[in-house]
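Chemist: Structure for the following, please:
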Amino acid sequence: MTPGTNPQPPPLRIGNASGFYGDRFDAVREMLTGGPLSVLTGDYLAELTMLILGRSRLKDPSRGYATTFLRQLEEGLGLAHQRGVKIVANAGGLNPAGLADAVRELADKVGVPVRVAHVEGDGLPVPDGYLTANAYLGGAGIAACLRAGADVVVTGRVTDAALVTGPAAAHFGWGPEDHDALAGAVVAGHVLECGTQATGGNYSFFRDHDIRRPGFPVAEIHADGTSVITKHDGTGGVVDLGTVTAQLLYETGGARYAGPDVTARLDTVRLAPDGPDRVRISGVRGEAPPPTLKAGLTRLGGWRNEVVFVLTGLDIEAKERLLRDQIADAFDRAGHRPAEVRWESARTDRADAATEETASALLRLVVRDQDPDAVGRALSGAAIELALGSYPGFHVTAPPGKGAPYGVFEARYVPAGDVTHLAVLPDGRRETQEPPARTRPLADVEQPPLPPPLDAGPTRSAPLGLVAGARSGDKGGDANVGVWVRSEDAWRWLAHELTVERFRELLPETEPLTVVRHVLPNLRALNFTVHGLLGEGVAAQHRFDPQAKALGEWLRSRHLEIPAALLDSAPEVHA
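Modeler: The predicted structure is shown next:
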C-alpha cells in the first residue's frame, strides 16, 4: 500500500434467501450456515403479493406482512446473531411497523438480543375502490437504519434492488451523488432479487448443469460499485455468464433502468468470468434518478371462474364447435351471459394414441364478471348440466366452483417529494429521508450501432433455442422477453435477424400489440417489451401463462433459418 493512502474497505458479502413470498423455506438457514455473509436479504413482495397482503389485512388489520419471514427467523435470528450477519427484508409489506414489533417479540421469546428497525412511508392514500397504494422507495432508509446499528431491518414496498443499495451505501459511505457506485449495486441487486434464478434456476441451458437444488446467490460488493456474483461453496446450481445475463434481462426494458436511488445504464454493464461460479460485474454507469417514484395500486377487478373440458379421440374440432354452441345457448337461457367469455384450445391429442390421456385435447373456458353469480351458478349450470347431452366422451378435469375474485395491478407515478420516506431507527427515532436533490427525467437512449452482419452461408431450419437463450417475465400488463447468445458470430446474426417484425411472426399472439426492441451489445442481448400482452396484470389471470414466464421458451422453440455454421458450432441443445 502506498504510504498515506486510505485502505479500501473489504467487500460486502450480501446474500439472498428469498425471491418471492413462498420461496424455499429453509434458505435462510442454508445461507446463514453455508458460508461467510455480511448481510442476508429477502425479497417477499411482488405485484401479486401486495394484493394478497391487502386482502389479508382486510380480515386482520394487525397483519399485512409476510408471516413466513417470522417463522424463518425463529431459527434465523440466533444464527445471524452468532455470525454477525445483518438481515434486511421487505417482508413488512403493508405493515412494516407491525412486523418490526413481531420480530422484537420473537427475539425476546428466543432469547436473542436484536436491534430492530423498519422503513415506512411507502403507503399512499388509497383511492376509492382500491385495496392498496404504495410507492417504490429506494435504499436510503435501509442505510439509515443500518448506520444506526440495526441488526434487522424490515421494510414495506421498496424496490427489489434497494435491499442491496441500502446496505452497500451504509457500508461504504456512499451519498446520493455516487451514481456509478449506486448503479453497480442496483445491477447486483437485480441479479440477486429473484434468488436461484441467478444460479441456474429457470435457465434456458439447464441441461448443461445440475440444478436439481440450486444454491442461493451472493454478491460481493466493492467500494466502487463493482461486484462479483457467486454462491456458497458446495451448493447446487451454477453461476456463469449465461445465468447472470439471463437474470440481468429479466423484467427489464431499455438501457436505462430507473429507480429511486439512481438510473442504472444497463448498456454499460460488463460481465467477465472470475473463477468457478464467479462472475464479475463492472463498468456500470449511473445517472441521476427520475423526479418521480413508481407507485403500485391494486384493486379487485371482479369475479372469475374456469372449467377445462376434455375432448378425446376423433372429431376434436366438431366436438369443440358443439360444446361452444351449447354453452352459449345455456348462458342465453340463464339470462345472464358473463361479461367476458374466453375459450382456449390446447391440442395435446395425438392420432392413434397408446393412452387415453395422449388421445385427448383440452378446451379451457374462462369467464369474468362483476357479479359472482354470473361466473358461479351460471357457469356450473351451463357446464355440468351438459354432462349427458353433449359430445361423446364428455368430462372435465374438475367441476367449476363458485368462482373467485381476481385482482388488477396499476402502475402510476408520483413526485418523489410528495412521498415521506421514513427510517424508524432501533431507538424509535424517526428519520426522514430526503429525495435526491438532483434528478433527470427518464428518456430512451439512442439505439447503438449493430455489429456487422454475419457473412452469408448455408442455413437450416431449426429452433432459435439451439443458439439463443431467453428469459421472460411480467411488469404489470406488459411482458418482457430477453434473448441472448454466447458467441460473437451468433450475436452478429441475432442482432440483424430477430427484428420486431420477425419476433411478431414467431409469436403470433403479439401481432396486434406494440413491441419495442432494445439492443444491449455488451451482453450480446436483445430485450423485447410486449405492451398489453398480460391485460391487467398477473392477478387478473388474463392468459394461459399470466406472468409470461414461459414466453421466452416458446420463442426459443420456434423454427427459423439459422446459419449452419452456428448450428454446427453451438453446444448441444436438445430440440
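Chemist: So what's the residue count around Leu322?
Modeler: By the criterion of other C-beta atoms under 10 Å, Leu322 has 17 neighbours. C-beta: built from backbone N, CA, C; applies to glycine.
Chemist: Tell me which residues of the host helix or strand of it come out buried.
Modeler: For Leu322, the host element (DSSP states H and E) is helix 316-334. By 16 or more other C-beta atoms under 10 Å, the buried positions in helix 316-334 come out as Ile316, Lys319, Glu320, Leu322, Leu323, Arg324, Gln326, Ile327, Ala330, Phe331, Ala334.
Chemist: how about the second one, what does it touch?
Modeler: Applying C-beta atoms under 8 Å, 6 or more residues apart in numbering, one finds that Lys319 lies in contact with Leu311, Tyr391, Pro392.
Chemist: what about the helices in the stretch 201-350 of the chain?
Modeler: 241-249, 316-334 (DSSP state H, counting those that start in this stretch).
Chemist: just the stretch 51-200 of the chain next, same as before
Modeler: Using DSSP H, counting those that start in this stretch, helices in the stretch 51-200 of the chain cover 67-83, 96-110, 140-147, 162-172, 179-192.
Chemist: can you list those helices in CSV and add mean neighbour count?
Modeler: Shown next, in CSV, are the helices of the stretch 51-200 of the chain (neighbours: other C-beta atoms under 10 Å):
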stretch, mean neighbour count
helix 67-83, 18
helix 96-110, 19
helix 140-147, 26
helix 162-172, 27
helix 179-192, 28
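Chemist: I'd like to know which of the ones you listed is closest to Ala353.
Modeler: Closest to Ala353 of the helices of the stretch 51-200 of the chain is helix 67-83 (C-beta to C-beta; 42.6 Å).
Chemist: Which strands or helices does that closest one pack on?
Modeler: Judged by 3 or more C-beta pairs under 8 Å, 6 or more residues apart in numbering; DSSP states H and E, the packing partners of helix 67-83 are helix 27-34, strand 39-42, strand 86-89, helix 96-110, strand 152-155.
Chemist: Contacts for it, please.
Modeler: Residues contacting helix 67-83 (C-beta under 8 Å, 6+ apart): 17-18, 21-22, 25, 28-29, 32-33, 37, 40, 42, 44, 85-87, 89, 91, 99, 102-103, 106-107, 110, 112-114, 151-152, 154.
Chemist: switch to 7 Å and redo it
Modeler: Contact partners of helix 67-83, identified using C-beta atoms under 7 Å, 6 or more residues apart in numbering, comprise 21, 25, 28-29, 32-33, 40, 42, 44, 87, 89, 91, 102-103, 106-107, 110, 112, 114.
Chemist: Restricted to buried residues, select those in PyMOL.
Modeler: To isolate the buried ones among the contacts of helix 67-83 in PyMOL, judged by 16+ other C-beta under 10 Å, type:
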select buried, resi 21+28+32+40+42+44+87+89+91+102+103+106+107+112+114
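Chemist: what stretches of this protein score poorly on pLDDT?
Modeler: By pLDDT under 70, the weakly predicted segments of the chain are 1-6, 538-539, 571-575.
Chemist: I'd like the distance between Thr49 and Leu94.
Modeler: Per C-beta to C-beta, to the nearest Å, Thr49 is found 10 Å from Leu94.
Chemist: and what of Leu379?
Modeler: Distance, Leu379 to Leu94, by C-beta to C-beta: 32 Å.
Chemist: which of those two has more neighbours?
Modeler: Neighbour count, other C-beta under 10 Å: between Leu379 and Leu94, Leu379 has more, with 29 against 24.
Chemist: before we move on, the earlier item: most neighbours, which of the contacts of Lys319?
Modeler: Ranked by neighbours (other C-beta under 10 Å), the contacts of Lys319 are led by Leu311, which has 28 neighbours.
Chemist: who does that one bridge with?
Modeler: Ala361 (DSSP bridges).
Chemist: wait, it sits on Leu322?
Modeler: No. Counting by C-beta atoms under 7 Å, Leu311 stays clear of Leu322, with 9.9 Å between them.
Chemist: Mind listing the shared neighbours of these two?
Modeler: Tyr391.
Chemist: quick one, helices of the stretch 451-575 of the chain?
Modeler: Ranges of helices in the stretch 451-575 of the chain, per DSSP H, counting those that start in this stretch, are 488-497, 500-506, 551-557, 564-569.
Chemist: can you give me how far the last one is from the chain middle?
Modeler: Relative to the centre of its chain, helix 564-569 is centred 33 Å away, using C-alpha atoms, centre = their mean, to the nearest Å.
Chemist: Likewise for the first one?
Modeler: A distance of 27 Å separates the C-alpha centroid of helix 488-497 from that of its chain, computed with C-alpha atoms, centre = their mean.
Chemist: mind starting the numbering at 433 from now?
Modeler: Got it, the first residue is 433 from now on, which makes the last one we talked about helix 920-929.
Chemist: Good, we can wrap up now.
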